[in-house]
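**Q** Sequence below, structure please.
(one chain, ligands or ions: 1)
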Amino acid sequence: MHALVVTAVAPERDAVTRGLGAAARRLPLPGGLALHRVSRPGGGPLLDVLAAGAGPAAAAAAAATALARGRYDLAVSAGIGGGFAPAAAVGSLVVADAIRAADLGSQTPEGFADAAALGYGVVEHRPPAALAAALAAATGAVAGTVLTVSTVTGTAARAAELAARHPGAAAEAMEGFGVACAAALHGVPVAEVRAVSNLVGPRDRAAWRIPAALDALTEAFATGFTAALAGTLAPAAGAPRTGSNDA
Ligand SMILES: O=C(O)c1cccc(C(=O)CC[C@H]2O[C@@H](n3cnc4c(=O)[nH]cnc43)[C@H](O)[C@@H]2O)c1
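**A** You can find the predicted model right below:
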């Protein structure tokens, strides 16, 4: 089983590789990107962890670049995120059962209309239900919708608007929908896991608990996450691996 794990920044990538508990091998990609490849001891899943940059566009571009050069069974968007109270407390984990672009659409006189309603796009990708359930059970995460936003929510009014429009939302972050678009283009399933560093609401950067969230991310990858991946996804069968970054 070969998975691509896409984070925004290097501290998130390193939190994931720390959890995997084995040395990472660096494999350069175009544009200064690099996969950090971790082979699990005992022949477990092979994971390539990639710090892609913040935001859905950077995530989509980097994920598509990596997916085009290897043969993967899964793409995972992973990192820290904002939690919607009361579903997701600071320090907790959220696994996406839906990955939704929350601000892709048009502002109309009647309010926001998403791109799907207006007929010019897709605004949601769904991880396989069995995979999302297994990942949540294995890591003790809350399962819910993870919103992808291009602007971090910074007011109570915006948080309330998002919660009303997306009743199942447990977290928001900035990359999941980009990774999901790249995965869909390459025909691989997607998953998303977020460790909650802050609540979605009035901006208070000093209240972000980034080290605690990074520890929770490490713990997720140290415990059940990869076992749940391996147990849920069938390995890519048959065809020879031909990509330049393939094992
Ligand atoms: O400064 C650091 O040490 C540091 C370490 C790890 C990550 C960061 C980031 O700034 C990551 C940015 C990343 O975080 C996601 N995020 C976190 N909270 C929210 C939120 O409330 N709303 C939206 N996104 C959030 C997001 O995916 C960013 O790309 C810094």
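**Q** okay, CA-based contacts and neighbour counts for the rest of this
**A** Fine.
**Q** Quick check: residues of this structure near the ligand?
**A** Contact residues, the chain versus the ligand (C-alpha under 6 Å from any ligand atom): 8-9, 11-12, 54-55, 80-82, 152-153, 172-175, 197-198, 200, 210.
**Q** Now the buried members of the residues you listed.
**A** 8, 12, 55, 80-82, 152-153, 172-175, 197-198, 200, 210 (16 or more other C-alpha atoms under 10 Å).
**Q** which element is G53 on?
**A** Counting by DSSP states H and E, no helix or strand carries G53.
**Q** ditto for the one 5 residues further on
**A** Element membership for A58 (DSSP H and E) is helix 56-69.
**Q** looking only at pLDDT, what's the mean for the helix or strand where D97 lies?
**A** Using DSSP H and E, D97 sits in strand 93-101. Mean per-residue pLDDT for strand 93-101: 98.
**Q** what's the helix or strand following it in contact with?
**A** The C-terminal neighbour of strand 93-101 among helices and strands, as given by DSSP H and E, is strand 105-108. Contact with strand 105-108 is made by 112-116, 118, as judged by C-alpha atoms under 8 Å, 6 or more residues apart in numbering.
**Q** Just among those, which is most surrounded?
**A** Greatest neighbour count in the contacts of strand 105-108, by other C-alpha atoms under 10 Å, goes to D114: 19 neighbours.
**Q** That one bridge partners, please.
**A** Taking DSSP bridges as the rule, D114 bridges to G105.
**Q** before we move on, what about R25?
**A** Beta-bridge partners, per DSSP bridges, of R25: R37.
**Q** That one and A116: what is the separation?
**A** Relative to A116, R25 is positioned 41 Å away (C-alpha to C-alpha, to the nearest Å).
**Q** swap in P28?
**A** Note on P28: its distance to A116, by C-alpha to C-alpha, is 36 Å.
**Q** ok, now E175?
**A** E175 sits 19 Å away from A116, going by C-alpha to C-alpha.
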